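Asker: how would this look folded up:
(2 chains)
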Amino acid sequence: MGRKRHLGFSTFTVLRAVERGYRYGFDIMDATALPAGTVYPALSRMQELGLVRSRWEDTKIAQREKRPARRYYQITAAGEVRLQEEVEHYGALERLEERGGATRAQRGSAKAR
Amino acid sequence: MFTRDRSRTLRFCRGLIALAGHLVPGHERHDWQREWDAELWHRLAALEDRGQLTFAQRTDVIIRCLGALWHAVWLRKREWSVSMVVQDIRYAARGLRKRPGFTLVAVITLALGIGANTAIFSLVNGVLLEPLPFEEPGQLVRIYDTNLERGVTSTPSSPANFLDWREDQQVFSDIAGFTLDQETLTEVQPAEAITGANVSAEMFRVLGVMPIRGRPFTRDEETPGNDRVVIVSHGFWERYLGGDPGVTSRNLSLNGEPYRIVGVMPPGFAFPTEDTRLWLPLAFHFDVSTSRGVHFVHVLGRLKPGTSLGLARSGMTALAAQMEAAYPDKLTGWGVRLVSLHEAVVGSVRTRILVLFGAVGLVLLITCANVVNLLLARAMSRSREIAVRIALGAGKTRLMRQLLSESILLAILGGAVSLVVAYGALNALLALDPGGIPRLDNVGLDGIAFAFAFGLSLIAGAAVGLLPSIRASRTNLHESLKEGGRSSSSGVVRSRVRSALVIAEIALALVLASGAGLLIRSFAGLQQVDSGFKSEGVVAMSVSLPRNRYPEDRDKSRFFGTLVERAGSLPGVVSAGVVTQLPLNGWAINFGFDIEGEPDPGPNEGPEGDFFVISPGYFRTMEIPLLRGRAFTASDVAESARVIIINRSLAERYFPDRDPIGERLLVSYGDGVAAEIVGVVSDVKQRALNVPPAPGYYLPVTQVAWSTMYIALRTKIEAGALVRAVREEVAALDPELSVTDVRTLEERVSASVASPRFNMFLFSAFAAVALVLAAVGVYGVMSYLVTQRTQEIGVRMALGASAAAVRRSISLQGLRLAGIGVALGLLAAFGLTRLLSSLLFGVTATDPLTFIGVSLILGAAAWLGSYVPAYRASGVDPTDALRAE
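Answerer: You can find the predicted model right below:
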């Protein structure tokens, strides 16, 4: 899994979402309109490649606010570089929806090739 | 804080996540579940802040949880990536290298089991499974004559019947007949005997194999005068004709006459036997219409496409019924029997081969049980290492997979070595003369055998590794990290598993040993059977007279008479004789006869007997005792009164209440003159040692002639020189004759029991291996038990128990294991040995003597296995034992 192969379009989309600041899994799903079965494996794969890192929210703060701590994702330096390469490769149009919470069923999957 | 709605949804989704979480690899599971729980909580909380949860929103959340399931599967699949598998294999290989002794023993044990199975499988495949080497062999059918009133189930047909069938039958697209014969190749000096077949014109079309050069026979060539043509095999063409491309314009000298070569068959073609190298037209040199009572033509047919065997059967049965009505005096009671060619060739050996396959399968089970025990022992000695790894976070599944790959690697190594074992075993098998197994040249280690060995290795590896790796991955940390890890409850369970395995081994070994014991007793029984003659010191060979140079009966009689006289006077020869069929031949020529003075019996009730033509010295040469009257003498010549000698069975069957001497018999062969019974001889086993002798009669060679006869010589000197001398005598009488089938009588007798001997050897080999493995298994388990109970033994000895008492108690434990195994084995054997019943002679499948003997032997083997551990136990120093806490 080296630099020879380009990221799949969905993975690229997820990376862009992370770069744009969507840190939580469900938020990334909302933003990219991709299903969990695509987003989470993409996140796992990118963690493995070192493009993205994951952290847990401070549990003390979460406990104080009486809510569970969430896991959040951030893009790494390597990820930024890779993202640039992919942007050039895909010549992407803006595909991010700014509305959140849209039902999956109404959207087609954003998987062009 | 949560509405009831939301908490229901939350609980439901959390349930889904928990369920899916089982798929997630252990080391990631906790984080994964935590992340999803948190996301769900936050999502539902955010939704509710905006108002009541709608159905659509709830559905959306639930669908996301299904995505979690997908993610879990994805993670699980990633666990099994190729790099991980390679890692597992490397780890397994390292582990095996560190313990070379263990690895060697396990690999060799598995190789033995897998190799033996592969060898027998090659036999099963080559003989039973592979289709016959003809075009669409499933359509080929053999047609036999039957006469149930006379007890005849499968016999060749008569020429007249065959020719009528060829004209009238409707169910076969083609039908062909053949006979087997020895031809003398007079093209070379000295003349050689070659197996040839006389085949009708359609034969090659029926088989679907055509000559690659030249052409098949035509119908015209089936008439006397036009039949001096021959088709040769590929090997013959290469060897004797130099591969000459112009072969179809050449002649070949056979039986002293020129035959025109009209065709060459493709390489590898051999029909009907593997050594048939010449084919001649099936021409009948006599009036066929008189031949309805003589059965010597073998018939083969190819079914019409779309015609089933059942349909063919009814068609031919109807035809046979028509012919029976047309020729009542000859064909009353005669019917037909149709059998697929494959069944005809292999049907008689199928049971035998499958029984051997089953037996070798048992051997594999025993070897696997042994290897499982080995692996369990090894897992135990690594329990500390494994416990540490678990404590450091190794996933249970991953661990199990690594241990399993170890046993699979072992099995694959064993599989590789097993090919060597299989090769050696197969060669030994084939060299042993399995007696009566057809298609042996088709048996070999081919690609299918390799695939079988490989598949078996994988299965064996998975099977033997499953239990130990499950056990190892469940290693109790506390117990293993404690020093020694003894007296743990898991240790007790372990020893029970190992004991159960050894009990199973002993039971299986008992089954195999019972089979071997029964076969040994059968074979020994056969050796004791009185054959009716003395085989030591007799050598025999066959001489065949071609019809064209010995057309008259008196030519044949004169030749053999002279030969026997001259051979008899060779130095070192005690006596000599000729005969048409040697004993233990497997078959006999058979002609009916009438008893003069008795009323004419019905068409199917006339007496018949085995037919022999002999010289006066025959009985003396074979040391067959004369019971009444006299043997033939020099004064029984062609011009004197016709004489005949009968055997005891014939006398008892047809002259039960009076002296047969002086009665007259009219045999339905020869010149139709009745012969006077002048003597009664003792019975001789003709077909096989375990087949009772049939009624038979002997005619003098001076009065009745036959073209092929055996000359037998009782000698005091070494057979080789004598054989050379006899060949010279034959050549002196006629240089264009060949002498074939030169063997001592002892060799013939031995060949007649080749089949039971083979079965016995094979089973005994299996049983011996099983016995050794079972003993080793007992040794292993007893050693383990002793180690487990070292403390207890130490205490007992400290309290005054003697060394002998300790030894006794350990041995008793071993015997108890053996006892249970033997009991279970006897139960199984009672059920299974009936599968052998068709292979047994003189002993029943549940013969108590055999079973008792075998049980004792196994008990002794088990006792031997526990001997050393018992001794070690009694040598335990009590203080040492107590200190090892």
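
Asker: so how many other residues sit close to the nearest residue to residue B:623 once chain neighbours are set aside?
Answerer: Spatial nearest neighbour of residue B:623, excluding adjacent residues (CB to CB, 6 or more residues apart in numbering or on different chains): residue B:534 at 3.9 Å. C-beta coordinates here come from the backbone N, C-alpha and C atoms, glycine included. Residues lying near residue B:534 (other CB atoms under 10 Å in any protein chain shown) number 13.

Asker: Which of the helices or strands spans residue B:534?
Answerer: Here residue B:534 is covered by no helix or strand, with elements defined by DSSP states H and E.

Asker: what are the phi and psi values for it?
Answerer: Main-chain dihedrals, residue B:534, degrees, to the nearest 10: phi -100, psi 120.

Asker: The residue of the stretch 251-400 of chain B at minimum distance from chain A - how many residues pack around it?
Answerer: Closest to chain A within the stretch 251-400 of chain B is residue B:395: 16.8 Å, counting by CB to the nearest CB. As a burial measure, residue B:395 scores 17 neighbours (other CB under 10 Å).

Asker: now do residue B:743
Answerer: Neighbours of residue B:743 (other CB under 10 Å): 18.

Asker: Contacts only, for it.
Answerer: B:539-541, B:751 (CB atoms under 8 Å, 6 or more residues apart in numbering or on different chains).

Asker: re the thing from before, from memory the residue of the stretch 251-400 of chain B closest to chain A sits against residue B:26, does it?
Answerer: Yes - in this structure, residue B:395 is within contact of residue B:26 by CB atoms under 8 Å, at 3.6 Å.

Asker: before we move on, back to that, for the contacts of residue B:743, which single residue is the most surrounded?
Answerer: Neighbour-wise, the contacts of residue B:743 (other CB under 10 Å) top out at residue B:540, 24 neighbours.

Asker: Quick check: that one is in a strand.
Answerer: Yes - judged by DSSP: H, G, I helix; E, B strand; the rest coil, residue B:540 forms part of a strand.

Asker: Enumerate every residue touching it.
Answerer: Taking CB under 8 Å, 6+ apart, one finds B:582, B:710-713, B:741-745, B:748 in contact with residue B:540.

Asker: about what we covered before: what's the residue of the stretch 251-400 of chain B closest to chain A sitting at in phi/psi?
Answerer: phi -70, psi 140.

Asker: What score does residue B:358 have for pLDDT?
Answerer: The model reports residue B:358 with a pLDDT of 94.

Asker: May I ask which helix or strand encompasses it?
Answerer: helix B:350-381.

Asker: Against which helices or strands is that helix packed?
Answerer: Judged by 3 or more CB pairs under 8 Å, 6 or more residues apart in numbering or on different chains; DSSP states H and E, the packing partners of helix B:350-381 are helix B:100-123, helix B:396-431, helix B:447-473, helix B:489-528, helix B:754-788.

Asker: Mind checking those for the one nearest to residue B:48?
Answerer: Proximity to residue B:48 (CB to CB) singles out helix B:396-431 among those, at 38.7 Å.

Asker: Give the burial count for the residue in chain A positioned nearest to chain B, as a bare number.
Answerer: At 2.4 Å from chain B, residue A:36 is the closest residue in chain A, using CB to the nearest CB. Applying other CB under 10 Å, we find 23 residues neighbouring residue A:36.

Asker: residues contacting the residue most central in space within chain A?
Answerer: Nearest to the geometric centre of chain A sits residue A:14, at 3.1 Å (CA atoms, centre = their mean). Neighbour list for residue A:14: A:28, A:32, A:34, A:38-39, A:42-43, A:46 [criterion: CB under 8 Å, 6+ apart].
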